[in-house]
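Student: 3D, please:
(one chain, ligands or ions: 1)
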Amino acid sequence: MPQDREIAIDVRDAVKRYGTFAALKRISLTIRDNEFFTLLGPSGCGKTTLLRMIAGFEDVTEGAIYLYGEALDTLPPYKRPVNTVFQNYALFPHMNVLENVGFGLEMLGKSKAEARARAGEALEMVQLSQFASRKPSQLSGGQQQRVALARALAPRPRVLLLDEPLSALDLKLRKSMQVELKHLQRETGITFIFVTHDQEEALTMSDRIAVMSEGELQQLGEAREIYERPRNVFVADFIGDTNLMEVTVDKVSGGRAQCHLGGGHSLTCDAVDGVEAGARVHMSLRPERLFLSAQPAEPGSLPGTVRETIYIGTDIATIVDLEDGPQFTVRSSNSTRGNARVFEPGQNVAVNMETGAARLLAD
Ligand code: ATP
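Tutor: The predicted structure is shown next:
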């Protein structure tokens, strides 16, 4: 993602209060032009509130939001190059697909002919031209969602806001729509701001992700960065599966920290700023960055016993108890090409880790 792209949205110290309750607590972030940007977080973290403020549906209690350099509160809604796709697509049942998509354009003062032409163009983008004369009730849920998308695209906004638009669809359809939306964003060059509480959806689609919790920004970065270098316990735990444990730092030297996991088990990993010997800190180890071997454990690996082996289709998860120490989940690919050995419950094993697998976290 180039760093020098024009800034589409600039949120500066934005606070949103409902009475005394702060739904957003001083958030600052920038969203670049032509970016697929996702606001991700659990229910109630404030992502919809932020999206609604960008759309201009909610005012900003403190701070400011700029849209292509212009303060949002100076721009009347009809002059904002922004459109929204909602979770419930709210199509007009008595209008056909083409009329539904063109309706907003006529409201914006376009002639009937232009509205029809642009609506047709938008339907082509979402590959629904052949359904132009059908009523919404004659379409599947996924097709209706695409009509809603076409309707939002038809006025050619520079920014498209999408508030959990796929949550009403079944899993298979949702996955195919994720790919379609990403493709559409690339093709149109429109800045997409997407709200979801589904971390896998966010990782699949986004150029960058803002992870939020309780009205605060926890981390902002590219999908890979968020997943592989989570900044704190919340992000490590919320994004993907992880082995999260509290450890004691025994020694810090040369940028490396030797940590004690309990039960006489210890391992060495990269230190983080400010961590000192004696500190109790959290450590995250992604299950797929661990692998098992037969005992005896090599230096640097951890001896334990298999508690459970779980078949998950694409992967095999093995739960391992370290003697008097923590429990680990180890994931290996269920591929015939892989040579990961499957161990049975009760077997003694050694847990090994790839370089960089263990990460110390700020709280
Ligand atoms: P969800 O995924 O459930 O939609 P969210 O992260 O989008 O959650 P928001 O809808 O932004 O969360 O809400 C953030 C917080 O602000 C919640 O605690 C919510 O109850 C509160 N809130 C939202 N709108 C109002 C309102 N009009 N009046 C009072 N509190 C509100």
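
Student: ok, now how distant is Thr204 from Ala71?
Tutor: 34 Å (Cβ to Cβ, to the nearest Å). Where you see a C-beta, it was placed from the backbone N, CA and C, and this is true even at glycine.

Student: Then Ala168?
Tutor: To Ala71, Ala168 is 35 Å away according to Cβ to Cβ.

Student: now swap in Asp10 and tell me
Tutor: 10 Å.

Student: Near the ligand, which residues of the chain? Just list them.
Tutor: Residues of the chain lying near the ligand by Cβ under 6 Å from any ligand atom: 18, 21, 23, 41, 43-49, 197.

Student: in stretch 163-173, what counts as buried?
Tutor: Neighbour-count burial for stretch 163-173 flags 163-166, 169, 173 (criterion: 16 or more other Cβ atoms under 10 Å).

Student: same check, this time on stretch 291-303
Tutor: 291-292, 297, 301-303.

Student: Contacts for it, please.
Tutor: Stretch 291-303 has contacts (Cβ atoms under 8 Å, 6 or more residues apart in numbering) with 261, 265, 267-268, 318, 320, 322-323, 325, 328, 330, 332, 340-341, 343, 348-354.

Student: Can you give me every residue that contacts Lys175?
Tutor: Taking Cβ under 8 Å, 6+ apart as the test, what Lys175 contacts is Thr204.

Student: And it, how far from Thr204?
Tutor: Distance of Lys175 to Thr204, given as Cβ to Cβ: 8 Å.

Student: Which single residue of the stretch 51-200 of the chain approaches the ligand most closely?
Tutor: Closest contact between the stretch 51-200 of the chain and the ligand, by Cβ to the nearest ligand atom, is at His197 (5.0 Å).

Student: I figured that residue hits Asp163, correct?
Tutor: No: between His197 and Asp163 there is no contact, the gap being 11.2 Å when judged by Cβ atoms under 8 Å.

Student: is it fair to say Ser176 lies in a helix?
Tutor: Yes: assessed by DSSP: H, G, I helix; E, B strand; the rest coil, Ser176 belongs to a helix.

Student: before we move on, the earlier item: which residues do Asp10 and Ala71 both contact?
Tutor: Common contact partners of Asp10 and Ala71 (Cβ under 8 Å, 6+ apart): Ile65.

Student: which of these two has more neighbours?
Tutor: Each of Asp10 and Ala71 has its neighbours counted (other Cβ atoms under 10 Å); Asp10 has more, 18 against 13.

Student: gap between the residue sitting nearest the centre point of the chain and the ligand?
Tutor: Residue closest to the average C-alpha location in the chain (Cα atoms, centre = their mean): Ala202, at 2.7 Å. Going from Ala202 to the ligand by Cβ to the nearest ligand atom, to the nearest Å gives 13 Å.

Student: what do you get for Ile209?
Tutor: In terms of Cβ to the nearest ligand atom, Ile209 sits 14 Å off from the ligand.

Student: Could you point out the helix or strand that follows the helix or strand hosting that residue?
Tutor: Ile209 is part of strand 208-213, with elements assigned from DSSP states H and E. Using DSSP H and E, the helix or strand that directly follows strand 208-213 along the chain is strand 216-222.

Student: which parts of that next one are buried?
Tutor: Buried positions in strand 216-222, judged by neighbour count with 16+ other Cβ under 10 Å: 216-221.

Student: same check, this time on stretch 35-43
Tutor: So for stretch 35-43, counting by 16+ other Cβ under 10 Å, buried means 35-41.
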